[in-house]
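**Student:** Just to be clear, the model below is a prediction. Sequence and coordinates:
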Amino acid sequence: MVNENIFYIDAKTKIVDFLSTEFAETFPAKLQNRLLNFFPSMTNYEEEGKRYRPTIFFTNNIDTVVKTMPNAIKIELFSDENENMFASRLKSLIPFCGPEWCIYINYGATISYGIFKVINSIKDDTLQDIIFAEKNMKLYGEKTYGIYIYAENNWTVSIRGIKGRNVNINFALDIKTVTSWDNEIQEFVDATFSKLKTTAKKAHEIKTMYKNIFKNVARLINGTICVIVDKDYVRDEFFEDGIWLKEPINLSKLFIQTTNYNEQKLLSMSNLFMSMLSFDGITIINNVGEVLAYNVFIEANLKTSGNIIGGARKRATYTVINSRRKNIIGVYFQSHDGEIFYAPVKK
C-alpha cells in the first residue's frame, strides 16, 4: 500500500504571505499556526448538528476600530495569556455568528476574544462595509492592523485586510473561477430597481437593503433562483406553476414615502422574503422591487439547457435565460455549493 499526502501548500503560503504584509510581520507565529489549522473548517463548520459560516476579525486594536462605528456593541468574553485556548474559544463563540455578530480576536499583551456588531437598519451598510469604509480606515492609524475572514460559500474563504489586500482561498478540487460575488449581487440589485422612480438617496437606501438581504442569502440559504420581470409583466403559462401573491410585497414602500418607517416591519418583511427564497423553485420579483411569487416551477427546455453541467436548479435557470421572453429581465442563481451569478435573459 502506498500512502499519499496531498496538501494545500500554495494556499498556506499565500495566507502566511497575506498575514506578513497586512500585519507588518507582527502577527504572532503561534497564533498564526492555530489560524491555519482552523482555516479549512470555516466553509462548513458544524457544532451540535448545526452548520455555521463564521466571520472573524483579527486585529491588534479592536477599541480603535469599534470607536469609528456608529451604534457599535463590543462584548469581550475571554482574555488569555497565550494562544493555547484558541480552538476552545472559537468553539464557544461561533454559535453567536449569525447574519449580525462577528467574532473578534485582539492580540497584544494578552489575547482577547469577543463579539461585536453595529445596531443599524437593514437598509444601512453592513459591519464589513463600515470596517472598510475609506473614511474609517483613515482614522485607524498606521499601527492598527486588521483582517476580516469569512466564508463566501462551501468552497471559498475570503480574507480582506484594512491595509488593502483581498485574497480568496479556493478549496474546491475542480477548477472554479473566483469572481467578485459582490459585483454579481450588485448587478442583480441594479436590474431589480431599473424602473423605480424615487430620489437618489432613497434609491441608494433601497438598493443597500436588497444587497444586504442577498448577502445573507448567499451565506445562509442553500441555493435559490430569483427571476426579475418587467413591472408590466402579466402572468402567463411560463410561470404558471407556483404560488402567486394576491398583493405583491413592496419592501421599498415601507419607507420610501416617509422618513418615519417602521424598522421592525421592514425587518420582518425582509425575513419573509428570505424565507420565500429558501423554497424550492423560483422566486419572482419585478424591476420596481415588488415580490410577486415564490415556489414557481418551470419545465426545463432540454434543447437550451441539456448541455449545462449541474442539477435541476441550474437547468431551470438556463431555461429562463434562453427563453428570449421580452418581459423577463434576468436571473440570479445560487447553487447549493455556493456558485453565484446574475445573467440577463437573452433577447
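**Tutor:** Right, received. Where do you want to start? Numbers count the residues shown, from 1 in each chain.
**Student:** Tell me which residue is most central in the protein.
**Tutor:** Computing the C-alpha centroid of the chain and ranking residues by CA atoms, centre = their mean puts residue 215 first, at 3.2 Å.
**Student:** What separation do you get for it and residue 124?
**Tutor:** Remark: distance between residue 215 and residue 124 (CB to CB, to the nearest Å) = 13 Å. Backbone N, C-alpha and C define where each C-beta goes, glycine included.
**Student:** Which neighbours do those two have in common?
**Tutor:** Common neighbours of residue 215 and residue 124, counting by CB atoms under 8 Å, 6 or more residues apart in numbering, are absent.
**Student:** give me phi/psi at the spatially closest residue to residue 31 that is not a sequence neighbour?
**Tutor:** Leaving out its chain neighbours, the residue that sits closest to residue 31 by CB to CB, 6 or more residues apart in numbering is residue 83, at 4.5 Å. Backbone torsions for residue 83, taken as degrees, to the nearest 10, come to phi -90, psi 10.
**Student:** Let me know whether residue 83 touches residue 29 as I believe.
**Tutor:** No - counting by CB atoms under 8 Å, residue 83 does not reach residue 29; the two are 9.6 Å apart.
**Student:** between the two, which one's more packed in?
**Tutor:** Taking other CB atoms under 10 Å, residue 83 and residue 29 do not tie; residue 83 has more neighbours (19 against 10).
**Student:** can you pull the contacts of that one?
**Tutor:** Contacts of residue 83 by CB under 8 Å, 6+ apart are 28, 30, 31, 34, 111.
**Student:** Tell me how far the fourth one lies from residue 83.
**Tutor:** The reference is to residue 34. 5 Å.
**Student:** One more: residue 188?
**Tutor:** 41 Å.
**Student:** And for residue 319?
**Tutor:** Taking CB to CB as the measure, residue 319 falls 52 Å from residue 83.
**Student:** helix, strand or coil for the residue nearest to the centre of the chain?
**Tutor:** Three-state assignment for residue 215 (DSSP: H, G, I helix; E, B strand; the rest coil): helix.
**Student:** isn't it right up against residue 185?
**Tutor:** Yes - when contacts are counted by CB under 8 Å, residue 215 is listed as touching residue 185 (6.7 Å).
**Student:** follow-up on the earlier one: now list the buried members of the contacts of residue 83.
**Tutor:** 28, 31, 34, 111 (16 or more other CB atoms under 10 Å).
**Student:** which intervals of the stretch 151-300 of the chain have sub-threshold pLDDT?
**Tutor:** 172-180, 255-261 (pLDDT under 70).
**Student:** how about the strands in it?
**Tutor:** If DSSP state E, counting those that start in this stretch is used as the criterion, the strands of the stretch 151-300 of the chain fall at 156-161, 166-170, 224-229, 241-250, 282-286, 290-297.
**Student:** Stretch 26-42: end-to-end distance?
**Tutor:** Distance between the two ends of stretch 26-42: 24 Å, counting by CA to CA, to the nearest Å.
**Student:** Could you give me the buried positions within it?
**Tutor:** 27, 28, 31, 32, 34, 35, 38, 39, 42.
**Student:** Against which helices or strands is the helix or strand where the fourth one lies packed?
**Tutor:** When you say that, I think you mean residue 32. Using DSSP states H and E, residue 32 maps to helix 29-38. Of the remaining helices and strands, those touching helix 29-38 by 3 or more CB pairs under 8 Å, 6 or more residues apart in numbering; DSSP states H and E are helix 9-22, helix 86-93.
**Student:** so where do the helices sit in the stretch 1-150 of the chain?
**Tutor:** Listed in chain order, the helices of the stretch 1-150 of the chain (DSSP state H, counting those that start in this stretch) span 9-22, 29-38, 62-67, 86-93, 127-131, 134-140.
**Student:** residues of the last one that come out buried?
**Tutor:** For helix 134-140, the neighbour count (16+ other CB under 10 Å) marks 136, 137, 140 as buried.
**Student:** Now pLDDT and distance to residue 162 too, for these, in a markdown table please.
**Tutor:** Written out in a markdown table, the entries for these read as follows (pLDDT from 0 to 100; distance: CB to CB, whole Å):
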| residue | pLDDT | distance to residue 162 |
| --- | --- | --- |
| 136 | 87 | 9 |
| 137 | 85 | 6 |
| 140 | 88 | 6 |
